[in-house]
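K.L.:
Make a model of this:
(one chain, ligands or ions: 1)
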Amino acid sequence: MVQAFVDEIFSSVQGEGPWIGERHIFVRFMGCDLRCRYCDTPAALALEERDKQGRPCRVQTSLRSFSTEDVPNLLSPSDLTQFCSRLTIRGYSRATLSLTGGEPLLHCDFLGSWLPEIGTTYRVYLETNGIHHRAMQDLAAMIDVVSMDVKLPSSTGLRPFWEEHRQFLASAAGRDIFVKAVVTGETVKDDILQAASLVSDLDAAIPLVLQPATGKWAPKPLVLLELQEAALGIVSDVRVIPQAHKLLKLP
Ligand code: SF4
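P.N.:
Predicted coordinates for the structure are as follows:
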């Protein structure tokens, strides 16, 4: 039976991107193969088996409380279905499941088993680092919305992933997609221009979201406007959107 290491399951508002403010159920998978220097989800970074062993999954106990219970990992598809059902608002026609992490596409086999079970109950919203194009291709028919990060080397401190991103966008074509770039105080205009060109090559109407990093990585406010202006010369929909859940002190 396929199983997955899951870090937490909770209900909150979507705090990022064009669907900001919608009520979503979040399933945060453990493990990510990148190490972006601004990463704000360190608990999801465990990649090696030894890092994951013994870590329980925190599951919100009900919609009316922020309290959680610890559930032993690993979790099965039916475990996840049961926990998500507990957090589903009855009668809400746009019930949405946000698959987040970490990097959910590292759990491709698990998602391939689970998503067909729940796809008619929920709109499936994938938050991804935009690198695992083969997994995206395999799962595309089961995913409704793709929130794809474009990893700017000047923001992440990592090598560029332009080619991986290009293939990923091609794999996600036909889904409801937007591209998100985290902007830090280190972000350079050339990276934003390259990201905008990447989007434009697929479809210049795909929204490009510039998301300011927080804390010590936060950019200067005027830089956000300068980068937006630069990208608007290439793609038609460039939005500066902060992380609303942090402003609201929500999970
Ligand atoms: S891809 Fe996301 S989860 Fe992974 S290190 Fe970067 S910010 Fe963190």
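K.L.:
Share the number of residues neighbouring Thr121, please.
P.N.:
13 (other CB atoms under 10 Å). The C-beta positions use only the backbone N, C-alpha and C, and glycine is treated the same way.
K.L.:
wait, is it part of a strand?
P.N.:
No - per DSSP: H, G, I helix; E, B strand; the rest coil, Thr121 lies outside any strand segment and is coil.
K.L.:
Verify the stated contact: it with Ala95.
P.N.:
Yes - in this structure Thr121 lies within contact range of Ala95 using CB atoms under 8 Å: 6.7 Å.
K.L.:
Give the intersection of the neighbour lists for those two.
P.N.:
Thr88 (CB atoms under 8 Å, 6 or more residues apart in numbering).
K.L.:
So Val145 versus Thr128, what's the distance?
P.N.:
For Val145, the distance to Thr128 (CB to CB, to the nearest Å) stands at 11 Å.
K.L.:
Looking at those two, which is more packed in?
P.N.:
Comparing Val145 with Thr128 by other CB under 10 Å, the one with more neighbours is Thr128, at 23 against 19.
K.L.:
Would you confirm that that one contacts Gly102?
P.N.:
No - counting by CB under 8 Å, Thr128 does not reach Gly102; the two are 10.0 Å apart.
K.L.:
State the phi and psi torsions of the residue of the stretch 101-250 of the chain found nearest the ligand.
P.N.:
Minimum separation of the stretch 101-250 of the chain from the ligand (CB to the nearest ligand atom) falls at Asn129, amounting to 3.8 Å. As for Asn129, its main-chain torsions (degrees, to the nearest 10) stand at phi -80, psi 0.
K.L.:
Count the neighbours of it for me.
P.N.:
Asn129: 24 surrounding residues under other CB under 10 Å.
K.L.:
Specify the local secondary structure of Gly31.
P.N.:
Under three-state DSSP, Gly31 comes out as coil.
K.L.:
Which residues are in contact with Leu75?
P.N.:
Counted by CB under 8 Å, 6+ apart, Leu75 has contacts 3-6, 57.
K.L.:
Mind checking which of the residues you listed are in strands?
P.N.:
Counting by DSSP state E, those place 6, 57 in strands.
K.L.:
Of the contacts of Leu75 - the most surrounded one?
P.N.:
Top of the contacts of Leu75 by neighbour number is Val6, holding 28 neighbours under the definition other CB under 10 Å.
K.L.:
Chain neighbours aside, what residue packs nearest to that residue?
P.N.:
Excluding the flanking residues, the one nearest Val6 by CB to CB, 6 or more residues apart in numbering is Cys57, at 4.5 Å.
K.L.:
Please apply the same query to Lys151.
P.N.:
Phe161 (5.0 Å).
K.L.:
From Leu208, how far off is the one you found?
P.N.:
From Phe161 across to Leu208, the span is 16 Å (CB to CB).
K.L.:
same question, Leu87
P.N.:
In terms of CB to CB, Leu87 sits 31 Å off from Leu208.
K.L.:
cool, and Pro104?
P.N.:
22 Å.
K.L.:
Lys216 too?
P.N.:
As for Lys216, its distance to Leu208 is 25 Å (criterion: CB to CB).
K.L.:
Looking at those two now, which is surrounded by more residues?
P.N.:
More neighbours surround Leu208 than the other of Lys216 and Leu208, with 25 against 9 (other CB under 10 Å).
K.L.:
Isn't that one up against Ala181?
P.N.:
Yes - between Leu208 and Ala181 a contact is recorded at 6.9 Å, counting by CB under 8 Å.
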